[in-house]
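*Asks:* here is my input; please provide its structure:
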Amino acid sequence: MSKAQFAQSADLYTEQAALRLLNINGADAPPVAACSYTHDFGELPDAYCLRADPVHLHADTHGLVVFDCVSLALSPEESQELAATLTDHLAQDGWTLRYGDKGRWYLLGEQQDLTGPAVCQVRALHTGVSVLKGVDARQWTRRLNEIQMLMATHPRNMQRQSERRKTINSLWLWGGGKAVSNATPFDAVVSENSAVLGAAAMNHVKPVTADSATQLLEQMKTGVSTCLVTLEHCRDAAAYTDCEAWNQALEQLETTWFKPLLSALSEKQLDYIELLPLNGAVYRLTRHDLWKFWRNSSDYQALPGFRQESAVRT
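*Replies:* Predicted coordinates for the structure are as follows:
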């Protein structure tokens, strides 16, 4: 029989949890940049790799607010031109800038002692002037100041400013490292996340296209036994506190994924379903648990199938 495992975004972020599940490095800070690079370019990076995502940093009395590509309406043409401007400047310090997507840029170079939060963890939130940590953090803080001055006078940013749109005035560095793959329990993955798809490719896990549980269940009848699914429908709405969009996304998840999966579990098409909301908990639902509808509790730790784990893993 088959099983399905799902990841949403909360205290951990989707990429971090999914890469742990796919056994990429097994570290506390998986190399998200190397994984998404693999998806974007079809090969592993041949050097240390950093994500350098274009962002807008807005200064106010409480610090800096980070706005990522989702809220900037950044076109591929704008993104490519801005990236091209920085290429020569970064090359002087031995760094290669590569354009993967309008919201995903990469830096390739020598190994760094550098860590920073994922952009999805800080977007629309206040953060300090520099959140980079490690031996090389000070050097990168200086380098980012230079980059911000270059971007301030870029024609594309000048045009955006004249149109009263947020400029792309900095880079967000995160996800650095080299990727090492290991054996994984999954033979298929459903995701639109570049890092998850790249990690799956490293481990020869088949990508499956499915817009609903019904489509996935059909494919699980023909060779797919254990599938990892990332559902990020609520991610952007939650980050930017768009309650209406969040409710719509949740209703869509209920209709297209959760109800069909419960029916499939009840009809013995699945052995079990595991839900990982990324708050440190894992919920495993079996057919036996479906008979526990009488257990009504406001305590999430009393729900059927709950277990607390120090790390998200299978």
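
*Asks:* mean confidence for stretch 230-237?
*Replies:* Stretch 230-237 shows an average pLDDT of 90 in the prediction.

*Asks:* what's in contact with it?
*Replies:* Residues from elsewhere that reach stretch 230-237, judged by Cβ atoms under 8 Å, 6 or more residues apart in numbering: 6-9, 14, 18, 70, 120, 189-193, 196, 242-243, 245-246, 249-250, 252-253, 257. (Each C-beta comes from the backbone N, C-alpha and C, glycine too.)

*Asks:* and that stretch, how far from the chain's centre?
*Replies:* 10 Å (Cα atoms, centre = their mean, to the nearest Å).

*Asks:* go on, stretch 123-137?
*Replies:* Worked out by Cα atoms, centre = their mean, stretch 123-137 lies 18 Å from the chain centre.

*Asks:* begin at 37 from here
*Replies:* Happy to do that; since the first residue is 37 now, the last one works out to stretch 159-173.

*Asks:* with only the CA atoms kept, save that stretch in CSV.
*Replies:* The C-alpha trace of stretch 159-173 is given here as CSV (Å, rounded to 0.1, in the frame of the first residue of the first chain):
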residue,chain,number,x,y,z
ARG,A,159,9.8,39.0,4.7
ALA,A,160,7.3,41.6,5.8
LEU,A,161,8.9,41.6,9.2
HIS,A,162,11.3,44.0,11.0
THR,A,163,14.9,42.9,11.1
GLY,A,164,18.2,44.3,12.2
VAL,A,165,20.6,46.2,10.0
SER,A,166,22.6,43.0,9.6
VAL,A,167,21.4,39.5,10.4
LEU,A,168,24.4,37.7,8.9
LYS,A,169,26.4,35.6,11.3
GLY,A,170,29.9,34.0,11.0
VAL,A,171,33.5,34.9,10.4
ASP,A,172,32.8,36.3,7.0
ALA,A,173,29.6,38.3,8.0
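
*Asks:* for that stretch, which positions count as buried?
*Replies:* 159-160, 163, 167-168, 172-173 (16 or more other Cβ atoms under 10 Å).

*Asks:* low-confidence ranges, the stretch 237-350 of the chain, go.
*Replies:* 327-350 (pLDDT under 70).

*Asks:* helices along that one, start to end?
*Replies:* 249-255, 271-275, 279-289, 295-302 (DSSP state H, counting those that start in this stretch).

*Asks:* adding distance to Met185 and mean neighbour count, write those out as TSV.
*Replies:* TSV is the format used below for the helices of the stretch 237-350 of the chain (distance: least, Cβ to Cβ, whole Å; neighbours: other Cβ atoms under 10 Å):
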stretch	distance to Met185	mean neighbour count
helix 249-255	48	18
helix 271-275	28	20
helix 279-289	35	14
helix 295-302	51	17
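
*Asks:* and of those, who's closest to Glu117?
*Replies:* helix 271-275 (24.7 Å; Cβ to Cβ).

*Asks:* packing partners of the lengthiest strand in the chain?
*Replies:* Longest strand of the chain, by residue count under DSSP state E: strand 84-96. Here strand 84-96 touches helix 68-77, strand 99-103, helix 105-108, helix 112-127, strand 140-145, helix 155-158, strand 206-213, going by 3 or more Cβ pairs under 8 Å, 6 or more residues apart in numbering; DSSP states H and E.

*Asks:* of all these, which one is nearest Ala317?
*Replies:* Among the helices and strands packed on strand 84-96, the nearest to Ala317 by Cβ to Cβ is helix 155-158 (18.6 Å).

*Asks:* now what about stretch 60-79, what contacts it?
*Replies:* Contact with stretch 60-79 is made by 51-52, 55-56, 80-81, 85-87, 134, 136-137, 140, 142, 151, 154, 210-218, 230-235, 237-239, as judged by Cβ under 8 Å, 6+ apart.

*Asks:* drop anything exposed from the residues you listed.
*Replies:* Buried, going by 16+ other Cβ under 10 Å: 51-52, 55-56, 80-81, 85-87, 134, 136, 140, 142, 151, 154, 210-213, 215, 217, 230-235, 237-239, out of the contacts of stretch 60-79.

*Asks:* these two touch, right, Asn218 and Asn59?
*Replies:* Yes. Under the criterion of Cβ atoms under 8 Å, Asn218 makes contact with Asn59 at 4.0 Å.

*Asks:* need the overlap of contacts for the two.
*Replies:* Common contacts of Asn218 and Asn59, defined by Cβ under 8 Å, 6+ apart, comprise Asn239.

*Asks:* to Arg196, which of the helices and strands packed on strand 84-96 lies closest?
*Replies:* helix 112-127 (7.7 Å).

*Asks:* for that closest one, buried residues please.
*Replies:* 114-115, 118-119, 121-122, 126.
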